[in-house]
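> Turn this into a model:
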Amino acid sequence: MEIEKLSDVFKLLGDKMRLTILSLLKERDLCVYEIVEILQTSQPNVSQHMRKLKDGGLVKEDKKGQWVYYSLNINDKPFLQELFQHLPSQKEKVDAISCEQLDCCD
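Purely as a prediction, here's the structure:
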(Lines give C-alpha, C1' and ligand atoms only; values in the text may rest on other atoms or scores of the structure.)
Protein backbone atom coordinates (compact mmCIF):
# COMPACT_ATOMS: atom_id res chain seq x y z
CA MET A 1 0.00 0.00 0.00
CA GLU A 2 1.24 3.46 -0.87
CA ILE A 3 2.25 5.93 1.83
CA GLU A 4 -0.43 8.39 0.67
CA LYS A 5 -3.21 5.79 0.98
CA LEU A 6 -1.94 4.72 4.40
CA SER A 7 -1.88 8.35 5.49
CA ASP A 8 -5.50 8.80 4.38
CA VAL A 9 -6.58 5.70 6.34
CA PHE A 10 -4.80 6.90 9.46
CA LYS A 11 -6.41 10.34 9.12
CA LEU A 12 -9.80 8.64 9.14
CA LEU A 13 -8.81 6.66 12.23
CA GLY A 14 -7.58 9.84 13.97
CA ASP A 15 -11.13 11.06 14.55
CA LYS A 16 -12.70 9.86 17.82
CA MET A 17 -16.21 9.55 16.35
CA ARG A 18 -15.05 7.52 13.34
CA LEU A 19 -12.88 5.26 15.47
CA THR A 20 -15.85 4.69 17.78
CA ILE A 21 -18.10 3.85 14.82
CA LEU A 22 -15.55 1.33 13.56
CA SER A 23 -15.38 -0.17 17.02
CA LEU A 24 -19.18 -0.55 17.01
CA LEU A 25 -19.12 -2.16 13.58
CA LYS A 26 -16.53 -4.61 14.84
CA GLU A 27 -19.37 -6.16 16.86
CA ARG A 28 -21.97 -6.41 14.06
CA ASP A 29 -23.53 -4.67 11.06
CA LEU A 30 -25.56 -1.63 12.07
CA CYS A 31 -27.99 0.79 10.46
CA VAL A 32 -27.50 4.55 10.79
CA TYR A 33 -30.28 4.85 13.34
CA GLU A 34 -28.69 2.29 15.64
CA ILE A 35 -25.41 4.21 15.46
CA VAL A 36 -27.23 7.51 16.10
CA GLU A 37 -28.91 6.04 19.18
CA ILE A 38 -25.73 4.49 20.59
CA LEU A 39 -23.64 7.63 20.07
CA GLN A 40 -26.45 10.03 21.02
CA THR A 41 -25.71 12.31 18.10
CA SER A 42 -27.58 13.49 15.01
CA GLN A 43 -28.30 11.43 11.93
CA PRO A 44 -26.59 13.98 9.62
CA ASN A 45 -23.46 13.82 11.80
CA VAL A 46 -23.33 10.02 11.64
CA SER A 47 -24.08 10.02 7.91
CA GLN A 48 -21.21 12.44 7.27
CA HIS A 49 -18.77 10.19 9.13
CA MET A 50 -20.13 7.08 7.37
CA ARG A 51 -19.61 8.73 3.99
CA LYS A 52 -15.97 9.46 4.85
CA LEU A 53 -15.41 5.91 6.12
CA LYS A 54 -17.06 4.47 3.01
CA ASP A 55 -15.06 6.74 0.68
CA GLY A 56 -11.92 5.65 2.55
CA GLY A 57 -12.77 2.00 1.99
CA LEU A 58 -13.11 1.15 5.69
CA VAL A 59 -16.83 0.38 5.64
CA LYS A 60 -19.27 -0.91 3.09
CA GLU A 61 -23.00 -0.53 2.86
CA ASP A 62 -25.67 -3.05 2.11
CA LYS A 63 -29.06 -1.72 1.08
CA LYS A 64 -32.08 -3.72 2.17
CA GLY A 65 -35.14 -1.99 0.81
CA GLN A 66 -34.96 1.65 1.85
CA TRP A 67 -32.57 0.90 4.73
CA VAL A 68 -28.79 0.91 4.64
CA TYR A 69 -26.70 -1.33 6.88
CA TYR A 70 -23.01 -0.69 7.39
CA SER A 71 -20.25 -3.21 8.02
CA LEU A 72 -16.47 -3.22 8.25
CA ASN A 73 -14.48 -3.51 5.06
CA ILE A 74 -10.97 -4.20 6.36
CA ASN A 75 -10.23 -7.71 5.08
CA ASP A 76 -7.92 -6.23 2.44
CA LYS A 77 -6.12 -4.13 5.08
CA PRO A 78 -4.15 -6.58 7.23
CA PHE A 79 -2.31 -3.71 8.93
CA LEU A 80 -5.60 -2.81 10.64
CA GLN A 81 -6.20 -6.27 12.11
CA GLU A 82 -3.83 -5.61 15.01
CA LEU A 83 -5.40 -2.22 15.72
CA PHE A 84 -8.90 -3.69 15.81
CA GLN A 85 -7.81 -6.26 18.38
CA HIS A 86 -6.96 -3.36 20.71
CA LEU A 87 -10.19 -1.39 20.29
CA PRO A 88 -12.32 -1.54 23.43
CA SER A 89 -15.34 -3.80 23.17
CA GLN A 90 -18.60 -2.09 22.35
CA LYS A 91 -20.58 -5.33 22.66
CA GLU A 92 -22.78 -4.16 25.55
CA LYS A 93 -23.77 -0.99 23.72
CA VAL A 94 -24.46 -2.80 20.47
CA ASP A 95 -26.39 -5.60 22.16
CA ALA A 96 -28.54 -3.08 24.07
CA ILE A 97 -30.02 -1.59 20.89
CA SER A 98 -31.76 -2.99 17.84
CA CYS A 99 -33.80 -1.85 14.87
CA GLU A 100 -36.83 -3.51 16.42
CA GLN A 101 -36.51 -1.33 19.53
CA LEU A 102 -36.02 1.80 17.44
CA ASP A 103 -38.82 0.82 15.05
CA CYS A 104 -36.68 1.88 12.13
CA CYS A 105 -35.61 -0.88 9.77
CA ASP A 106 -37.87 -3.46 8.19
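> The closest residue to Cys104 other than its chain neighbours is in what secondary structure piece?
Distance criterion CB to CB, 6 or more residues apart in numbering; nearest residue to Cys104, sequence neighbours excluded, is Tyr33 at 4.2 Å. Yep, even glycine has a C-beta here, placed from its N, CA and C like the rest. Per DSSP states H and E, Tyr33 falls inside helix 32-39.
> Could you give the number of residues near the residue nearest to Cys104?
With neighbours defined by other CB atoms under 10 Å, the count for Tyr33 comes to 18.
> Who are the contact partners of His86?
Applying CB atoms under 8 Å, 6 or more residues apart in numbering to His86 gives no contacts.
> And it, how close does it get to Thr41?
Using CB to CB, to the nearest Å, we find His86 at a distance of 24 Å from Thr41.
> which stretches of the chain form strands?
30-31, 59-64, 67-72 (DSSP state E).
> contacts for the last one?
When you say that, I think you mean strand 67-72. In contact with strand 67-72 (CB under 8 Å, 6+ apart) are residues 22, 25-26, 29-32, 35, 50, 53-54, 58-63, 99, 104-106.
> still on that earlier bit, nearest to Lys5 among the strands of the chain would be which one?
Lys5 sits nearest to strand 59-64 of all those, at 16.1 Å, using CB to CB.
> Buried residues in the closest one, which are they?
Across strand 59-64, burial judged by 16 or more other CB atoms under 10 Å covers 59, 61.
> Repeat that for stretch 43-61.
Under the neighbour-count criterion of 16+ other CB under 10 Å, stretch 43-61 has 46, 49-50, 52-53, 56, 58-59, 61 buried.
> just stretch 82-96 next, same as before
Quick answer for stretch 82-96 (16+ other CB under 10 Å): 90, 93-94.
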